[in-house]
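Peer 1: I'll drop the sequence and a predicted model, then ask my questions.
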Amino acid sequence: MPGPATSGPGSAPAARRRTAWADGVDQLRAAATTEPGRLRIIGAVLALLVLAFGAATAWQVGDRAAAARDVVEHSQPLSADAADIYRSLADADTTAAGGFLAGGKETQATRDRYESDIAMAARLLAKASSNTRGSDAAARQIEKLNSQLPRYTGLIETARTNNRQGLPLGGAYLRYANAQMRDELLPAARGLYVTETARLGEDYDSAKAWPWLALAAGLVALGALGWAQRRNYRRTNRVFNRGLLAATAAAAVVLLWLAAGHAVARSNLTTSYENGAKSLKLLNEARIDALQARGDENLTLVARGAVVTKDQQDFYEVGYRSGMKDLAGPGTSGAAAADSKLGAALALADDEAGRRPVREAVATVREWQARHAAARAADDQGDYDRALEKVIGSAGATGQSFDRVNDRLATALEHEQREFRQAADAGRGALAGLAAGAAVLAVLAATGAVLGIGRRLSEYR
């Protein structure tokens, strides 16, 4: 009985086993040598390209739609809330200084305004804490604000208590509270505002980015469908293949919808940023400048020259002038400078409803500056009571001018917020249904391509 075959020095090497991949490639090559085989390959490739186009469109449009939704529902509201936190804190500090100047004559309205500002800041901090979406920078600023705010309110209450008792120590506590506001709370609020505004910019960039992958996939799919129909015409002399024609029409609809829908969304989102978000940013900063100028104006009378700069100027008067320069420019009359907050906001306003309150704010700022000059002249002449009346009095006081500026800026903010929301909603709406529609049409196109090729294959049976 013969034994098992062995390989000796002179024997032929054993045959290498072929892989499944190699067998598949050989079968594909063999199929490609016949027309039915080539048609099957073409049908599979067409279906794959069309489905890849639909998937890329659904994916990229979904990302952009989510970013547009975040602009409207998350990042812009959070940016606005951060600005309101800053404004509430600055207004609370300004109101506390005004109430301190009034001493025993502090009105209940002043007290209520201060408490309302503090309550709003606390409420918005809690809201921001739950909606910052894991931002470490925002979380750090919120934590700092939450820890410093009770200390600030405690200093204010101590200052009030000493002031009611006629103790000069009250002024020192108020200045210390103001220093904490300037050095700790407001920088943290500014940091939160910058962080949330940067997040808004990122969401805008994501929402407006062109879906290049989807557009390229659409062009490739349409090109392949066109080539398949031309090939079919050259071999059969038939102008139309219904399945391939339907697939081409569906793919063309998706591509046109994608290009037009994204162009409209991008245009509206750009409008919402240029005519809404940018204006809101400037108006919020203008309102903050006005608040800080008012706070410095009050503290000039509280400190009575006790706090000076390195060149021996009144610290708070220097702060007032700096705030007014940022707000309306270096002058004290006429239109606001183009590079000031109010000048830039006026240039960005795109209709009369947006320009009117800004122009009125500029006019009132000039009135405020004239009244402030009169108050400083009285104080410099040693008439403190008259200066006090010109700052916190009931008629012709700078406080009335500040309140009107604040009201006019609030009106402008409300208008620009509506402008932003309308344009941003229109941009978001332009993408509505596109992802789902692209997926459905891609499946229909793939089905049409397969049926069209199947029609040709039936002729070989």
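Peer 2: Yep, that arrived. Residues are numbered from 1 along each chain as shown.

Peer 1: can you pull up the most central residue in this protein?
Peer 2: When CA atoms, centre = their mean is applied to the chain, the residue found nearest the centroid is Leu200 (2.0 Å).

Peer 1: what count of nearby residues applies to Thr300?
Peer 2: Counted by other CB atoms under 10 Å, the residues lying close to Thr300 total 25. Backbone N, C-alpha and C define where each C-beta goes, glycine included.

Peer 1: give the contact list for the closest residue to it other than its chain neighbours.
Peer 2: Across the structure, with CB to CB, 6 or more residues apart in numbering as the measure, the residue nearest Thr300 apart from its sequence neighbours is Tyr316 (4.2 Å). By CB atoms under 8 Å, 6 or more residues apart in numbering, Tyr316 lies in contact with 296-297, 299-300, 303, 307.

Peer 1: return the subset of those lying in helices.
Peer 2: Filtering these for membership in helices, criterion DSSP state H, returns 296-297, 299-300, 303.

Peer 1: quick one, what contacts Asp326?
Peer 2: By CB under 8 Å, 6+ apart, the neighbours of Asp326 are 289, 340-341.

Peer 1: and the helix or strand Arg294 falls within, what's its mean pLDDT?
Peer 2: Using DSSP states H and E, the element containing Arg294 is helix 278-303. If you average the pLDDT over helix 278-303, you get 87.

Peer 1: now for it, which elements pack on it?
Peer 2: Taking 3 or more CB pairs under 8 Å, 6 or more residues apart in numbering; DSSP states H and E as contact, the helices and strands that helix 278-303 lies on are helix 76-102, helix 169-180, helix 315-328, helix 341-348, helix 352-380, helix 384-392, helix 398-429.

Peer 1: top of the contacts of Asp326 by neighbour count?
Peer 2: Ranking the contacts of Asp326 using other CB under 10 Å puts Lys341 first, with 27 neighbours.

Peer 1: so which elements touch the longest helix along the chain?
Peer 2: Taking DSSP H as the assignment, the helix of the chain that covers the most residues is helix 35-70. For helix 35-70, the helices and strands in contact under the criterion 3+ CB pairs under 8 Å, 6+ apart are helix 20-32, helix 186-208, helix 212-236, helix 242-272, helix 398-429, helix 434-457.

Peer 1: which residues does the third one contact?
Peer 2: This means helix 212-236. Applying CB under 8 Å, 6+ apart, the contact partners of helix 212-236 are 35, 42, 45-46, 49-50, 52-53, 56-57, 59-61, 238-241, 244-245, 247-248, 251-252, 254-255, 258-259, 445, 449, 452-453, 456.

Peer 1: now it: mean pLDDT?
Peer 2: Along helix 212-236, the predicted confidence averages to a pLDDT of 88.

Peer 1: what do you get for the second one?
Peer 2: With pLDDT averaged residue by residue, helix 186-208 scores 90.

Peer 1: next: the longest one.
Peer 2: Here the mean pLDDT over helix 398-429 is 91, rounded to a whole number.

Peer 1: next: stretch 369-384.
Peer 2: Per-residue scores along stretch 369-384 average to 90.

Peer 1: buried residues in that stretch?
Peer 2: Going by neighbour count (16 or more other CB atoms under 10 Å), the buried part of stretch 369-384 is 369, 371-372, 375-376, 378-379.

Peer 1: as TSV, the residues you listed with distance to Arg140 would be great.
Peer 2: What follows is the buried residues of stretch 369-384, written out as TSV (distance: CB to CB, whole Å):
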residue	distance to Arg140
Gln369	38
Arg371	41
His372	37
Ala375	40
Arg376	40
Ala378	45
Asp379	41
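
Peer 1: and those, which is closest to Leu327?
Peer 2: Distance to Leu327, by CB to CB, is smallest for Gln369 among the buried residues of stretch 369-384, at 9.9 Å.

Peer 1: now that closest one: closest residue in space that isn't a chain neighbour?
Peer 2: Leaving out its chain neighbours, Gln369 is closest to Thr332 (CB to CB, 6+ apart), at 4.6 Å.

Peer 1: who touches the one you found in this structure?
Peer 2: 366, 369-370, 373.

Peer 1: swap in 10 Å and give it another go.
Peer 2: 321, 324, 365-366, 368-370, 372-373 (CB atoms under 10 Å, 6 or more residues apart in numbering).

Peer 1: any idea of the pLDDT on Arg29?
Peer 2: Among the per-residue scores, Arg29 shows a pLDDT of 64.

Peer 1: ditto for Thr270
Peer 2: 91.

Peer 1: tally up the residues packed near the nearest residue to it once chain neighbours are set aside, please.
Peer 2: Nearest non-adjacent residue to Thr270, counting by CB to CB, 6+ apart: Lys208, 6.9 Å away. A count of nearby residues for Lys208, using other CB under 10 Å, gives 20.

Peer 1: quick revisit: tell me the one among the contacts of Asp326 nearest to Thr270.
Peer 2: Lys341 (22.6 Å).

Peer 1: Ser279 versus that closest one, what's the distance?
Peer 2: According to CB to CB, to the nearest Å, Lys341 and Ser279 sit 11 Å apart.
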